[in-house]
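Undergrad: Need a 3D model of the sequence below.
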Amino acid sequence: MAWQWFHRLGSPRWFYEKTTPWLPWLATLSIALIVTAAVWGLAFAPADFKQGNSYRIIYIHVPAAFLALAGYYIMAISGAVGLIWKMKLPFMVMKSAAPIGALLTFVSLVTGSIWGKPTWGTWWEWDARITSMLILFFLYLGMIALQQAFQHRDTADKASAVLALVGMVNIPIIYKSVDWWNTLHQPATIKFTSKSSIDPSMLYPLLTMVIGFYVFYALVLLLNTRVEILRRENRTQWVNDLISTTNKRA
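TA: Next up, the predicted model:
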């Protein structure tokens, strides 16, 4: 039963049809969470006793960094599933995740730089955490470039999947960089195995924003994947029927 469900999940048509009703719910939930967290964090959370109001960029920086890392796992695992079980849909998810991850990593780097100027007195430092995040950004760009570098889609998918899997070695380095090396970057703000270093009045809106970003990521990934499905399946009968039905409604 589980194996049958797994193979059904790998069907582009099944995935497209099943995710259609999810979209408005994910959109509504993500907007509600992000707006609530933004108002809560920017207007009601207290100023930090050392950094003042400059710390409030944390409500963008931390969620973007979280999703940049989690998104890479999604991309690499999708590539592995595509390679091992030779399914089409995981490769579509992998390709769709790359530009989202690149954008989130870029946002993380930019907001970190903006935050670093008043905190460290410099826009950029070749710090272990920052440098490893920059490598992550280049890995995402490499994934996007590989998808465009090959004429044959199967070759591009397999090459991209291999790069994604090799690049996974960078993820634990990012996570542990502040512990392994003496860096300017502060240790983890949110801790799951011990007490977090941030006051609850600042933590709760941050957690709300992180959840909102995760929901928004799921929404954008679904939308990107659905577009990729239509692009790759454009010669199939079910896509032609879908287009005809949409045109009749319009």
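Undergrad: Going by C-alpha atoms from here, please, whenever you check contacts or count neighbours.
TA: Will do.
Undergrad: and His61, what does it touch?
TA: His61 makes contact with 107-108, 111-112, according to Cα atoms under 8 Å, 6 or more residues apart in numbering.
Undergrad: Spell out the residue ranges of the strands in this structure.
TA: Assigned by DSSP state E, the chain shows no strands.
Undergrad: where in it is pLDDT low?
TA: Along the chain, the model assigns pLDDT under 70 to residues 1-8, 184-185, 188, 191-194, 250.
Undergrad: so where do the helices sit in it?
TA: 2-9, 12-19, 22-39, 58-85, 88-120, 128-149, 153-167, 170-180, 200-232, 237-249 (DSSP state H).
Undergrad: can you pick the most crowded of the contacts of His61?
TA: Neighbour counts for those, by other Cα atoms under 10 Å, peak at Ser108, which reaches 26 neighbours.
Undergrad: So that residue sits against Ala64, correct?
TA: Yes: with contact defined as Cα atoms under 8 Å, Ser108 reaches Ala64; the gap is 5.4 Å.
Undergrad: ok, Pro99 touching Ile144?
TA: Yes: using Cα under 8 Å, Pro99 and Ile144 qualify as a contacting pair, with a distance of 6.9 Å.
Undergrad: how far away is the closest residue to Phe15 other than its chain neighbours from Glu17?
TA: In space, and not counting its chain neighbours, Phe15 is closest to Leu9: 6.2 Å by Cα to Cα, 6 or more residues apart in numbering. For Leu9, the distance to Glu17 equals 11 Å [Cα to Cα, to the nearest Å].
Undergrad: and if you look at Tyr73?
TA: When Cα to Cα is the yardstick, Tyr73 and Glu17 sit 25 Å from each other.
Undergrad: which one of these two has more residues nearby?
TA: Tyr73 (19 against 11).
Undergrad: Now the more buried one: closest residue in space that isn't a chain neighbour?
TA: Sequence neighbours aside, Met168 is the residue nearest to Tyr73 in space, at 7.3 Å (criterion: Cα to Cα, 6+ apart).
Undergrad: how about Met94, what does it touch?
TA: 74-76, 78-79, 161.
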